[in-house]
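Undergrad: Sharing a model that was predicted from the sequence below.
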Amino acid sequence: MGSKTLYDKIWDTHLVSEREDGTALIYIDRHLIHEVTSPQAFEGLRLAGRKPWRADANFATPDHNIPTTTEERKLGLEGIKDPVSKIQVRTLDDNCAEFGIFELKMTDDRQGIVHVVGPEQGATLPGMAIVCGDSHTSTHGALGALAHGIGTSEVEHVLATQCLMQKKAKSMLVRVDGQLKPGCTAKDIVLAIIGKIGTAGGTGFTIEFGGEAIQALSVEGRMTVCNMAIEAGARAGLIAVDEKTLDYIKGRPFAPSGELWEQAAKSWRGLVSDADAIFDEVVVLKAEDIEPQVTWGTSPEMVAPITGNVPDPAQELDETKRGNIQQALEYMGLQGGTAIKDIKLDCIFIGSCTNSRIEDLRAAAGVVKGKKVASSVEVAMVVPGSGLVKRQAEAEGLDAIFIEAGLEWREPGCSMCLAMNADQLGEGKHCASTSNRNFEGRQGFGGRTHLVSPAMAAAAAIAGHFVDIRELN
Amino acid sequence: MNKFIAEKGLVLPLDRANVDTDFIIPKQFLKSIKRTGFGVNLFDEHRYLDKGLPDTDNSQRPINPDFVLNQPRYKGAKVLLAKDNFGCGSSREHAPWALEDYGFRAILAPSYADIFFNNCFKNGLLPIVLDKAIISLLFTEVEANQGYQLEVDLEQQTILKPDGSKIEFSVDAFRKNCLLNGLDDIGLTLEESETIRSFEENWRNSAPWYFTTTSATTA
């Protein structure tokens, strides 16, 4: 047997069958479900008279549509003012009840963003093949699971057959050597990677993130990195299993325990790429070169270090790139050449499946503690990733720090990352956001998103414009 | 699923790279629990001048005359000509649903985002990858010639141009067969039920930790 990448190992153990042209059936261990991409799939099952192949492999929670103010959440379903959103959340409840699927309902204090809750509950385990009708499913690769975002037809396919039909992707290793400098985080690593390889750089690949700087990250930081693998075009991101991974999982409700834990842990320790494994492509970054990152445009690859400037289209020789920069600057209302630090913010959003875990909230709270949000900032909110993250943060007094500083402390959900609920960025407003997409209209019609780390968002809240977090330390 | 055998129609050029699925269909329309009716909100934020909301009468909204979809010469287009990395971002299948519902049957682009590309095939929409130079030439020809049509023949894997010349394209054999015959993936996979069951049994024996039900599941 030749040496294998981590991707090869998980693929091989899940390969059910393969056609001549390479189209394969992959067995799915865990299917995560939310309210937006599942109703049509359940309806499809009903129309065809089919049942879920293995109901206990499914795990559901509503997250995209739900309100995040405490007053609304106290009312449960009735608190959802938008009737269309309410129907969608109720439909998830009804479908889970009808098909016998485990669901953390919006009133459950364990509910949250599906990509935060899955790992938190131990529903995400190393070596699993995981899917969800959401592109940020790549998050779960941080635990050494092969995790893909899928469309609704595939959601129905997985429900009905427990398999995903797919061709094997190529493999890419993104290695981040050395140590990060103080003030730089997992978010800065992944934004720097996307800046280097581009939003289509990973298309057709499964990316394994490795190297000293990745190994040094906490499991939560690794989730931030894998979460944005999709923003580099890769359907899946992966990180090798180590003792940190096992420590993170042990004792979680869905994780195995006792003798079964010992067996599982032994098997999971082998979930690393072999030393001499060959990748189709290797990209190397030096951690020491990575500065705090800020996106200035309408694609995550449009990113610059905090010490940098918005690019001047006149300096760009490539005609297509020049056009893209011009289009983006026009939408963002920015002049080419503007210093990143001179970009003023109207809104601060700390949350999303990228950065809403306890570590993220601690980092943000550490920056705003004892300070006040700038008077020019109209909206500043912190939206924890789950009910359990919220409870933990409150136990540590982080809520009081945020409220004292003038930030709103919200209930868990996707919130202003994609603005499907009432949390929407105003037209023409600039937002420092810890989320994952700065597309036109993503956070609200005409809204202007700048992606940053939690500490950078918090620092921008206080200053009213971007600042170099390293200068505050 | 709709079959795709051959389609001839007007070509609409969308001159923009990295068109994301938020651009194709904004999030507020994802609240629907149906698969149909998304066509009127395709490219909503560029097609109309105001902010679109679900369940409103779109015929009363101010349209953006500068947006290519609103130009009379492209009315009824069936082929979408696009640029690099088309369909990036969210996995929402509402994007191909909206394109298909509007009337597009084929897309021509130098590259696509992976999940979007995959979703198209599930909905009778054919995404074709063509060389950058060919795409660039097609943009020039479409923009220069009003009424420019292409005929996409999946069986032959060719695109017939108005001048009678043909462009060849490649497509996965399995996907081609599914589109030509309108085959349902789930039905096909369920033909392999026994293989799946036997795989599952072996997997349960070798990795039982993925099959445990804990107290959490009964909470």
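TA: Great, that's in hand.

Undergrad: Wondering if stretch A:442-454 reaches chain B at all.
TA: Yes: remark: stretch A:442-454 sits within contact range of chain B at A:442, A:445-446, by Cβ under 8 Å from any Cβ of the partner chain. C-beta coordinates here come from the backbone N, C-alpha and C atoms, glycine included.

Undergrad: residue contacts, residue A:283?
TA: Residues in contact with residue A:283, defined by Cβ atoms under 8 Å, 6 or more residues apart in numbering or on different chains, are A:172-175, A:193, A:196-197, A:201.

Undergrad: give me that answer again for 7 Å
TA: Residue A:283 makes contact with A:172, A:174, A:196-197, according to Cβ atoms under 7 Å, 6 or more residues apart in numbering or on different chains.

Undergrad: who does it bridge with?
TA: residue A:174 (DSSP bridges).

Undergrad: ok, it to chain B distance?
TA: 18 Å (Cβ to the nearest Cβ, to the nearest Å).

Undergrad: where does chain B dip in pLDDT?
TA: B:213-219 (pLDDT under 70).

Undergrad: Would you map the helices across it?
TA: In chain B, the helices defined using DSSP state H lie at B:21-24, B:44-47, B:94-102, B:114-121, B:132-144, B:173-181, B:185-190, B:193-206.

Undergrad: starting at the chain centroid, how far to the third one?
TA: Meaning helix B:94-102. Distance of helix B:94-102 from its chain centroid, counting by Cα atoms, centre = their mean, to the nearest Å, is 7 Å.

Undergrad: Who are the packing partners of it?
TA: Helix B:94-102 sits against helix B:21-24, helix B:114-121, with contacts defined as 3 or more Cβ pairs under 7 Å, 6 or more residues apart in numbering or on different chains; DSSP states H and E.

Undergrad: Recalculate using a threshold of 10 Å.
TA: helix A:152-161, helix B:21-24, strand B:106-109, helix B:114-121 (3 or more Cβ pairs under 10 Å, 6 or more residues apart in numbering or on different chains; DSSP states H and E).

Undergrad: any idea of the angle that helix forms with helix B:114-121?
TA: Put simply, helix B:94-102 runs at 30 degrees to helix B:114-121, going by axes from the mean of the first three to the mean of the last three Cα atoms, to 10 degrees.

Undergrad: could you pull out the helices for the stretch 251-400 of chain A?
TA: Assigned helices in the stretch 251-400 of chain A, in chain order: A:258-268, A:319-332, A:358-368, A:387-395, A:398-405 (criterion: DSSP state H, counting those that start in this stretch).

Undergrad: winner for burial among those helices?
TA: helix A:358-368 (a mean of 23; mean count of other Cβ atoms under 10 Å in any protein chain shown).

Undergrad: hmm, back to that, now the helices and strands packed on helix B:94-102 as a markdown table including distance to residue A:53?
TA: Below are these laid out as a markdown table (distance: least, Cβ to Cβ, whole Å):
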| stretch | distance to residue A:53 |
| --- | --- |
| helix A:152-161 | 6 |
| helix B:21-24 | 28 |
| strand B:106-109 | 32 |
| helix B:114-121 | 20 |
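
Undergrad: Buried ones among the contacts of residue A:283?
TA: Using 16 or more other Cβ atoms under 10 Å in any protein chain shown as the burial test, the contacts of residue A:283 include A:172, A:174, A:197 as buried.

Undergrad: how near is the last one to chain B?
TA: Read it as residue A:197. Taken as Cβ to the nearest Cβ, the span from residue A:197 to chain B is 12 Å.

Undergrad: got it, and the first one?
TA: Plainly put, residue A:172 is 13 Å away from chain B if you go by Cβ to the nearest Cβ.

Undergrad: Next, that residue: phi, psi?
TA: Per-residue torsions, residue A:172: phi -130, psi 140 (degrees, to the nearest 10).

Undergrad: got it, and the last one?
TA: Backbone torsions of residue A:197, given as degrees, to the nearest 10, read phi -100, psi -10.

Undergrad: surely it meets residue A:207?
TA: Yes: using Cβ atoms under 10 Å, residue A:197 makes contact with residue A:207 at a distance of 8.9 Å.

Undergrad: Overlap in contacts, the two.
TA: When contacts are counted by Cβ atoms under 10 Å, 6 or more residues apart in numbering or on different chains, residue A:197 and residue A:207 are jointly contacted by A:172, A:174, A:232-234, A:281, A:283.

Undergrad: would JSON lines of the residues you listed with pLDDT be doable?
TA: Output for those, formatted as JSON lines (pLDDT from 0 to 100):
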{"residue": "A:172", "pLDDT": "98"}
{"residue": "A:174", "pLDDT": "98"}
{"residue": "A:232", "pLDDT": "98"}
{"residue": "A:233", "pLDDT": "97"}
{"residue": "A:234", "pLDDT": "97"}
{"residue": "A:281", "pLDDT": "98"}
{"residue": "A:283", "pLDDT": "98"}
